[in-house]
Every structure is written in C-alpha cells, then in structure tokens.
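Asks: A predicted structure for the sequence below; I have some questions about it.
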Amino acid sequence: MLSAKQIQELLIKIADMYIEKQDELSKLDAVIGDGDHGVTMARGSKAAKIKVSELEDGTCRDYFKTFGRTLVSTLGGAMGPLYGSIFLEISKACKGKEEVSLNELSEGFNNGLLKVMELGGAKVGDKTMVDSIHPTVEALKKANEEGKDLANGFELAVKAAEEGVNSTIPLIARRGRSRYLQEKAIGHQDAGATSFSYLIKTIYEYLKDM
C-alpha cells in the first residue's frame, strides 16, 4: 500500500526520471518524430515536481491530480492531455482512499488507457504509447486478480511495458508525425511508448525499495 506521502515521493522520482531521460527520449523521437518528446516531458516534469513538492498534507488523490493537471497545462501539444490524463484517471481511482493498492492503480491505468485512446484516436498497433500502455494494463489487471502486491504487480508490468515498446519497432506508424515516413519508420521504437515504459519501471523501482 502507498500512503499519500509515499505517492508524493514517487511522483517526484517520476519527474526526476523524465528530466534525466530528456536527451535519450529526444534522440529517439528525432528519428521518426519531431524530436522534442524528451524536452517536452522534462519541461512538464520540472513544473509538476515543483507543484507536487509544494503541496503539503495532500491526499493520495490530491498528489496525482496536481501532477496530472500540471502536465496538461505545461507539456503543450498532444502530449499534455495524453500524459496528464493518465495521472488524472489514477487520481479519480484513488478518491477517498487514505492508502493506494494495486487495485486502485490497476483501475487508474486502465481508465487512463481508455482516455488516451479516446483523445488520441490511437489503438494497439499504431506505433504509439498505446502499444506500451495496453499490455501494461493487462498485466496489472491479471496481477490484481491473482492477489499480488504492488511490487509484484509492477514487476510484471515492467516486462509487459518493455515488450510493448519492442512491438513498435517493426510497425509502420499510423498516428503522429511518424506516419508520414511510412516504411522508413520500420526498425525504430516509438518514443512515447518508451517514455511510458520508463514511467512503469520508475514506479516498480520505488516499490521494490520500500
């Protein structure tokens, strides 16, 4: 179970991860996108880190909501609503909870996936972040049904997310700027799917060290 204070710590670690991965994600995006994914995620994460750090005595929902809203308002373009909605949907799943379990995070990521698909119009196989989110959600659902704890659930989710990233490599993009490249996009992993997998890995690393 995660307390509100631990969620605050986790979100700051997630923000630090995106700041650290700025160059790597931008290089990936430069191959088949517009090259600004890493910079964009780092900019939003810096703002979200400040907001979450300044929030004292918040609830579990408050911290996820603050993080998501700040991403929506600072990331810009398509990524703001897409990434921000994931955290906003998790915040809704945490409503009224003093501690958060795998059940709430599984529900939140599932609803986040549905929101991302609704906003972006992407589906599995379009070479987008959905290709990493979908298997992650399925892994979390299965782990929750089997009664696994948070760390064990996210250990399985990390593997699923990474497999989702690898699944984008042979695909022709059907969404975003990379769709104009057609066959030239084959052989390159999607930056959005990669950054989502890093999110899941960061959550797991925090959980296993608790």
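Replies: All right, it came through fine.
Asks: residue ranges with poor pLDDT in the chain?
Replies: 175-184 (pLDDT under 70).
Asks: which residues of it fall in helices?
Replies: In the chain, helices defined by DSSP state H lie at 4-20, 22-32, 37-54, 60-75, 79-93, 102-120, 130-145, 150-168, 191-208, listed in chain order.
Asks: now tabulate the ones you listed in a markdown table and tack on distance to Arg174 and mean neighbour count.
Replies: Glycine gets a C-beta too; all of them are placed from N, C-alpha and C. A markdown table is the format used below for the helices of the chain (distance: least, C-beta to C-beta, whole Å; neighbours: other C-beta atoms under 10 Å):
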| stretch | distance to Arg174 | mean neighbour count |
| --- | --- | --- |
| helix 4-20 | 26 | 19 |
| helix 22-32 | 12 | 19 |
| helix 37-54 | 18 | 20 |
| helix 60-75 | 22 | 23 |
| helix 79-93 | 16 | 22 |
| helix 102-120 | 11 | 20 |
| helix 130-145 | 11 | 22 |
| helix 150-168 | 11 | 21 |
| helix 191-208 | 13 | 23 |
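Asks: now for those helices, which one comes closest to Ala185?
Replies: With C-beta to C-beta as the measure, helix 22-32 is the member of these nearest Ala185 (4.7 Å).
Asks: so what touches the closest one?
Replies: Residues from elsewhere that reach helix 22-32, judged by C-beta atoms under 8 Å, 6 or more residues apart in numbering: 18, 35-39, 41-42, 173, 177-178, 181, 184-185, 188-191, 194-195.
Asks: fine, thanks again, bye for now.
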